[in-house]
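Chemist: Test case, fold it:
(2 chains)
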Amino acid sequence: MRSLMQDQLRLALSVIAVALGVLGGIPLLFALVPATRSVAVFGIPLPWLLLGLVVYPMLYGAARYYVRRAERIEAAFTEFVGRR
Amino acid sequence: MSPALSLTAIALVIAATVGIGLFGLRISRTTSDFYVASRAVSPRWNASAVSGEYLSAASFLGVAGLILVYGADMLWFSVGYTAGYLMLLVLIAAPLRRSGAYTLPDFAEIRFESIAIRKICSVLVFGIGTLYLLPQLQGAGLTLRIVTGAPTWVGALLVAVIVVTNVAAGGMRSITFVQAFQYWLKLTALATPIFVICIAWGSVGHSGGVLDALRGAGSEWAEPLSTLAGREHPLYATYSLILALCFGTMGLPHVLVRFYTNPDGRAARRTTVVVLALLGMFYLFPPMYAVLGRTFAPDLVETASDSVVLELPGRVFGDGAAGDLLGALTAAGAFAAFLSTSSGLTVAIAGVIDQDLLRARLRRWTGGDYVAVNSFRIAAVLAILVPYLVWTVAGPISLADTVGLAFAVAASTFCPLLVLGIWWRRMSTVGAAAGLVVGGCTTIVAVLVNVADVELSGWADAVFAQPAAWTMPLAFGTVIAVSLLTPARIPRGVARSMVRLHAPESVDVDRTLLP
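Modeler: Now for the predicted structure:
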């Protein structure tokens, strides 16, 4: 039981670390490299492209990855403990 | 904008809401039905319903309004509203569902075996819910005023009455279908005008000029970390907002109640993934309204930014049929937003009032001669009457800012309770209570400073306008420190609770609680 919780917690914390690292890195990038605040990519300024479009598929991808891994951990646990 | 057309559209939304609600009434009979739709809703339906309930006046009108005024920094609102579901998914979705609790106070009681903590949670649910209902009522008043010129209290009262009728009549079952329907209505209402505008430009080749708002003149608006309108310390404000939205979502009462309608922990996770996709799709559109608004309705920046979504179609197409039809569509979508979020909140708050405050008293007063469902109905009336009175007293507020504060309160109270409660065995009952009190008191001070419009400047203003960056770590720190100091007060049943929260349903374990 403890190892199941530890595995799940480790997975959860790593997903959060990556997500907050990426999200938190965006304002930092704007703060440290002022040029990125107005540079245009495909005709749209970078902040608007990142925050208005690109983040959403990334969040969805992170969620899909998490669910796949979490279900695998639970399947291994079920295998180990024995089915009902 | 044509009042007749818009009113017809709003009336249709109301009719559909009440109609589906009545349909639900015929199949909701028991108390369990009333609260959580007997837990028999499939992940896709449930995901639509979660999203429909979540996309409030703040998302439908407020986000576009804030971006219109303050520019790129406000894009974080829609990002944070979505990212909050990722945090909810990885930290609490499955364990919370497996706890088998109906409401947040239920969870607190199951995990901590303490009536005191249950009571604190009930008060907080009521507080957060009230704070969250204020902008819904305001948005309804605003919409009806723009459409008909009626005073704002008419729209607010209309929404309050419809929600109470629907909730008291059908409970959660009808709400599930209503919410799912309203997600798709809101998405359609928000997306269609944008597509029509794009198609219209495609045929006349008039797409240039709009993106100029993002470049050239007024470029401070288009750039992040701006200090527009006296918002100082933008980097701090941005980080604080990200924290509040990411970790506040999991503590919102209406979001949590929805999760109990999943059949098991696995379905709770899958529902959340679908929710992330649905929300991401929706939030593509509000920034487009803001950018178009900068070109076609620049006067709204100063006067009524929260109405940009409602006004834009008329501004782009003039008084023709196209502008009228699209304007009616966005007005209908806005009403769907107020109705769905207010209904969800009312169910959540009413459930708590009913179980923790009302039922025992009613039993005493009536000598046991009462029906449980009637107590819920009375609670539903109270749950929306109080916010309505507060809104009447507090006066006009900014839609998305007020919702942001509700998120900050949730992130500083229920987030530590849930996250540490689910993952940390050594959390003590005293620690949990201390965290709730410290987080609750600090954020409530910040809310009062904001609602009362106290004049502050510099860091003081930034710190109170966006409190989450200090209140949330403070609440977590309090829980951890006090728990370590009071190891004797760790709940007896913690080992059983952990098995119940974390073991997958496919494993045969003892899920009962200590007697």
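Chemist: burial measure for the closest residue to chain B within chain A, as a count.
Modeler: As assessed by CB to the nearest CB, chain B sits closest to A:Tyr56 within chain A, at 3.2 Å. Using the backbone N, CA and C atoms, a C-beta is placed for each residue, glycine as well. Residue crowding around A:Tyr56 was assessed by other CB atoms under 10 Å in any protein chain shown; the count is 22.
Chemist: Same check on A:Leu59?
Modeler: Neighbours around A:Leu59, by other CB under 10 Å: 23.
Chemist: so it makes contact with B:Leu278?
Modeler: No - in this structure, A:Leu59 is not within contact of B:Leu278 by CB atoms under 8 Å, at 11.9 Å.
Chemist: wait, what's in contact with the residue of the stretch 251-400 of chain B found nearest chain A?
Modeler: Nearest residue of the stretch 251-400 of chain B to chain A, counting by CB to the nearest CB: B:Gly280, 3.2 Å away. Applying CB atoms under 8 Å, 6 or more residues apart in numbering or on different chains to B:Gly280 gives the contacts A:Tyr56, A:Pro57, A:Leu59, A:Tyr60, B:Thr82.
Chemist: how about 10 Å then?
Modeler: A:Leu53, A:Val55, A:Tyr56, A:Pro57, A:Met58, A:Leu59, A:Tyr60, B:Ser78, B:Val79, B:Thr82, B:Tyr85 (CB atoms under 10 Å, 6 or more residues apart in numbering or on different chains).
Chemist: ok, for it, nearest residue in space, not its chain neighbours?
Modeler: Distances taken as CB to CB, 6 or more residues apart in numbering or on different chains place A:Tyr56 nearest to B:Gly280, at 3.2 Å, with adjacent residues excluded.
Chemist: which SSE is the one you found in?
Modeler: helix A:55-81 (DSSP states H and E).
Chemist: can you pull the buried residues of that helix?
Modeler: A:55-56, A:58-60, A:62-63, A:66-67, A:69-70, A:73-74, A:77-78, A:81 (16 or more other CB atoms under 10 Å in any protein chain shown).
Chemist: who does that helix touch, helix- and strand-wise?
Modeler: Under the contact criterion of 3 or more CB pairs under 10 Å, 6 or more residues apart in numbering or on different chains; DSSP states H and E, helix A:55-81 touches helix A:2-32, helix B:75-91, helix B:93-99, helix B:265-282.
Chemist: Out of those helices, which is closest to A:Ala40?
Modeler: helix A:2-32 (14.5 Å; CB to CB).
Chemist: near chain B at all, the closest one?
Modeler: Yes - Helix A:2-32 is in contact with chain B by CB under 10 Å from any CB of the partner chain, via A:2, A:4-6, A:8-9, A:11-16, A:19-20, A:22-24, A:26-31.
Chemist: tell me what the helix or strand of chain A with the lowest mean pLDDT is packed against?
Modeler: Least confident helix or strand of chain A, by mean pLDDT, DSSP states H and E, is strand A:40-41 with a mean of 74. Secondary-structure packing of strand A:40-41 (3+ CB pairs under 10 Å, 6+ apart): helix A:46-49.
Chemist: give me that answer again for 7 Å
Modeler: The helices and strands touching strand A:40-41, judged by 3 or more CB pairs under 7 Å, 6 or more residues apart in numbering or on different chains; DSSP states H and E, number zero.
Chemist: and the residue nearest to B:Gly280, what does it touch?
Modeler: B:Thr82, B:Gly280, B:Tyr283 (CB atoms under 7 Å, 6 or more residues apart in numbering or on different chains).
Chemist: Kindly state the pLDDT recorded for residue 81?
Modeler: Because you didn't say which chain, this covers chain A. We have a pLDDT of 78 for A:Val81.
Chemist: not what I meant, chain B
Modeler: For B:Tyr81, pLDDT reads 91.
Chemist: gap between it and B:Phe60?
Modeler: 12 Å (CB to CB, to the nearest Å).
Chemist: Repeat that for B:Glu505.
Modeler: Counting by CB to CB, the gap from B:Glu505 to B:Phe60 is 36 Å.
Chemist: and if you look at B:Thr271?
Modeler: From B:Thr271 to B:Phe60 the distance is 22 Å (CB to CB).
Chemist: what's the answer for B:Trp365, then?
Modeler: On the measure of CB to CB, B:Trp365 and B:Phe60 end up 41 Å apart.
Chemist: okay, these two: which has more neighbours?
Modeler: B:Phe60 (30 against 10).
Chemist: For the more buried one, give me its contacts.
Modeler: B:Lys186, B:Leu190, B:Val309, B:Gly333, B:Ala334, B:Ala337.
Chemist: among these, who's most crowded?
Modeler: Ranking those using other CB under 10 Å puts B:Ala337 first, with 33 neighbours.
Chemist: Would you confirm that it contacts B:Ser56?
Modeler: Yes - counting by CB atoms under 7 Å, B:Ala337 does reach B:Ser56; the two are 5.7 Å apart.
Chemist: confidence score at B:Met1?
Modeler: Looking at B:Met1, the pLDDT reads 56.
Chemist: Could you tell me which ranges of chain A sit under the pLDDT cut-off?
Modeler: A:83-84 (pLDDT under 70).
Chemist: The most centrally placed residue in it and B:Ala297, how far apart?
Modeler: Nearest to the centroid of the C-alpha atoms of chain A, with distances taken as CA atoms, centre = their mean, sits A:Ala19, at 3.6 Å. From A:Ala19 across to B:Ala297, the span is 35 Å (CB to CB).
Chemist: Just give the closest residue to B:Leu300, not the sequence neighbours.
Modeler: B:Val308 is the one closest to B:Leu300 (CB to CB, 6+ apart), at 5.3 Å.
Chemist: Can you point out the helix or strand that includes that neighbour?
Modeler: B:Val308 belongs to helix B:308-317, assigned by DSSP H and E.
Chemist: Quick one: mean pLDDT over that helix.
Modeler: 81.
Chemist: Can you lay out the helices and strands packed on helix A:55-81 as TSV showing distance to B:Thr303?
Modeler: Shown next, in TSV, are the helices and strands packed on helix A:55-81 (distance: least, CB to CB, whole Å):
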stretch	distance to B:Thr303
helix A:2-32	30
helix B:75-91	21
helix B:93-99	42
helix B:265-282	26
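Chemist: Out of those helices, flag the one nearest B:Gln136.
Modeler: Nearest of the helices and strands packed on helix A:55-81 (CB to CB): helix B:75-91, 15.0 Å.
Chemist: what's next to that closest one, contact-wise?
Modeler: A:12, A:15-16, A:19, A:23, A:48, A:51-52, A:55-56, A:59, A:62-63, A:66, B:59, B:63, B:66-67, B:238, B:241-242, B:245-250, B:269, B:272, B:275-276, B:279-280, B:283, B:286-287, B:400, B:419.
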